[in-house]
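1. Just need the structure, nothing else, for what follows:
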Amino acid sequence: MDQITFNHDTVLSDVHMLLPNSRHLMTRLNSVGQLVFISKFKIMRVGERHDNKDPGEGLKEAGESHELREDGEKVPQGKDREEGGEGNVEPFLDEDGDLDITHRPRKNPKEGNGRDLVCPIILKQSNPVPEQEEENTDDEVDQSFNDIIKIEHTMATTLEDVGKQVWRGAFLLADFILSKPLMFRGATVLELGAGTGLTSIIMATIGKTVYCTDVGEDLLSMCKRNVTLNKHMMDPAAADVRVRRLDWLQHDLCTDAEVEFSWTEEEVADMYNNTKIIIAADVIYDDDLTDGLFRTLYRLCSTFPHTCTIFISIEKRMNFTLRHMDVSCDAYNHFSHCLSQLQDLVDGRCNFKVEQLPSNFAQFFLYERIEQLELWKVTATPLPFDPAQSDSELFSF
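-> Numbers count the residues shown, from 1 in each chain. The predicted structure follows:
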C-alpha cells in the first residue's frame, strides 16, 4: 500500500522526478483508491530565479560535481588537475587491487543540510475534511510564508486521471502570470482544465475572480482542497477562487443547485459579462478533448461582449508510432491544426489572432523549462453577429 503500482497504461508526470529534495508527504487515499500526496513548491525570489537562462541551466549547475581538498575547501572536480601539479598522481589501491576511494565526511541530517527527511505515510481513507479542520492541520511555519504553495496531487494515474498530477505546463503558465502582474491585476479569469488548481491559485494572488473549472467530482474536490490549503497566499478582500464544473463536451453549464460544483445564475452572468482572460495549462493530450476545448473557446468568446485573451501552455511530447514508423507528436499536430482553423475562421461573429509567445520570461518555480514547453496567445475580438450563420457551418473541429 505504500508503493505506487505501475501498469501498462500508467502515466507519470516528470515534475517530482526533478525535485528529489522536495517534501512529498503521502496523506490519504482518495475516493477511488489512489494515493494522494501533498507537495510544497516555493516561489523563488529575485536572487533565486533562473531569469533569462537556457532551459535546464540551473539544474546543471546544481548537479555540478565537486571534490574536497585536504584543507576542507570544495572545488569543481578536475580543477586542480587542470591547474597542474596533481594530474599524474597514481591512484591508491587496496589489498585486492581495487581503487581505494576516500569518501568525504557526511553530516548528520539533523544538523541541517537543506534536505527534508521524507517519511511517506497513509493517514486515512478519504473522508471529506471540514475546511476549518483542514486549515488547522497546516504547519504554522508554512502558513507564515507567502512564497510556499502546497498542492494535493497523485503521482501516477491512468490517462483519464492525469488532471490529478502536477505538470510542467502549469509551472510555465504560472511563471508567465507572475512575470506579468499588471496584465492580470484585478481581472476576472476563467481556467479550463484546471486539474489540481495550481495555476488558478497563482492567478488568485493577482486577479480578482478566478473560475477554476474541470470535470469529475473527485478531481474538483481535490482542487477545492488545494484552494483551501493556500488561502494564506490570497487577499480575501481582493481575490476569490470558485471551483466549478465545466465540461468541454457539453454545451450548457450546470446550474442545478443540487449538484456539487454547479454554477449559480449570477456566476454565469458574471463569467460571460466580465471574463477578460482564459487560461489552460497542459490540457492537450487527446484529440477529442482538444476538439471540445476549441469548441468551448469559440462558444464562449463569440458570446462575450468584449475582447478576450486566451493563454494556452503545452508540452510537445514526442513518441515513436508504428503508424508513422518514426518519432511524431500527433496530439501537438492536431492542436496546431485547430489553432490554424481558429485563426482562419471567418464567420461574422468573432475574429481570432494566434501567436506563440517567447518563453524567456522569469522562472519563479524550480522545474526544467525544456524547449518543448510552449506558450500560445489567442486574442478573440467579437464582431457584429450575423444570425444567418449556424454553428454547423462554422466548425470542422
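
2. mind listing what the strand or helix carrying residue 189 pairs with, with the direction of each?
-> Taking DSSP states H and E as the criterion, residue 189 maps to strand 188-191. Partner strands and pairing direction for strand 188-191 (DSSP bridges) are strand 209-214 (parallel), strand 275-281 (parallel).

3. which one of these is the most hemmed in?
-> Of those, the one with the most neighbours on average (mean count of other C-beta atoms under 10 Å) is strand 209-214, at a mean of 26. Heads up, the C-betas are built off the backbone N, CA and C, glycines and all.

4. Show residues contacting that one.
-> The contact list for strand 209-214 (C-beta atoms under 8 Å, 6 or more residues apart in numbering) reads 163, 188-195, 197, 200, 203-204, 220, 223, 227, 239-246, 267, 270-271, 274-275.

5. try stretch 176-183
-> Applying C-beta under 8 Å, 6+ apart, the contact partners of stretch 176-183 are 43, 184, 199, 202-203, 206, 279, 311, 313, 357, 361-362, 364, 375.

6. quick one: which of those residues is nearest to residue 154?
-> residue 199 (17.4 Å; C-beta to C-beta).

7. shouldn't that closest one be in contact with residue 278?
-> No: using C-beta atoms under 8 Å, residue 199 is not in contact with residue 278; the gap is 11.7 Å.

8. which residues do those two both contact?
-> residue 191.

9. Buried members of the contacts of strand 209-214 into PyMOL, please.
-> This is the PyMOL syntax for the buried subset of those, where burial follows 16 or more other C-beta atoms under 10 Å:
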select buried, resi 163+188+189+190+191+192+193+194+195+197+200+203+204+220+223+227+239+241+242+243+244+245+246+267+270+271+274+275
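
10. Just the contacts of strand 209-214: which are in helices?
-> Counting by DSSP state H, the part of the contacts of strand 209-214 found in helices is 200, 203, 204, 220, 223, 227, 267, 270, 271, 274.

11. In which helix or strand does the closest residue to residue 376 other than its chain neighbours reside?
-> Once flanking residues are discounted, residue 376 sits nearest to residue 312: 4.7 Å by C-beta to C-beta, 6 or more residues apart in numbering. Per DSSP H and E, residue 312 falls inside strand 308-315.

12. Might one say that residue 309 is in contact with residue 357?
-> No: proximity of residue 309 to residue 357 does not meet the contact threshold set by C-beta under 8 Å, at 11.2 Å.

13. These two - which one has more neighbours?
-> Taking other C-beta atoms under 10 Å, residue 309 and residue 357 do not tie; residue 309 has more neighbours (17 against 13).

14. Could you report the pLDDT at that one?
-> For residue 309, the model assigns a pLDDT of 98.

15. ok, and the closest non-adjacent residue to residue 214?
-> That would be residue 194: by C-beta to C-beta, 6+ apart, it lies 4.9 Å from residue 214.

16. In contact with the one you found, which residues are there?
-> Residue 194 touches 163, 200, 212, 213, 214, 223, 243, 281, counting by C-beta under 8 Å, 6+ apart.

17. redo that, cut-off 7 Å
-> 200, 212, 213, 214, 223 (C-beta atoms under 7 Å, 6 or more residues apart in numbering).

18. now residue 153
-> 37, 39, 164, 165, 166, 196.

19. Next: residue 170.
-> The contact partners of residue 170, by C-beta under 7 Å, 6+ apart, come to 198, 199, 281, 282.

20. That one and residue 151, how far apart?
-> Distance, residue 170 to residue 151, by C-beta to C-beta, to the nearest Å: 9 Å.

21. Can you list the strands that the strand ranked longest in the chain pairs with?
-> Secondary structure of the chain per DSSP state E: the longest strand is strand 373-382. Its sheet considered, strand 373-382 pairs with strand 308-315 (antiparallel), strand 350-357 (antiparallel) by DSSP bridges.

22. pLDDT averaged over that strand - what is it?
-> 96.

23. Now do the helices in this protein.
-> Remark: helices assigned in the chain by DSSP H are 57-62, 79-83, 131-136, 140-143, 168-179, 181-184, 198-204, 217-229, 265-274, 287-301, 330-344, 391-394.

24. what is residue 314 paired to in the beta sheet?
-> residue 374.

25. which intervals of the stretch 1-150 of the chain have sub-threshold pLDDT?
-> Within the stretch 1-150 of the chain, the segments meeting pLDDT under 70 span 1-9, 16-25, 47, 50-145.
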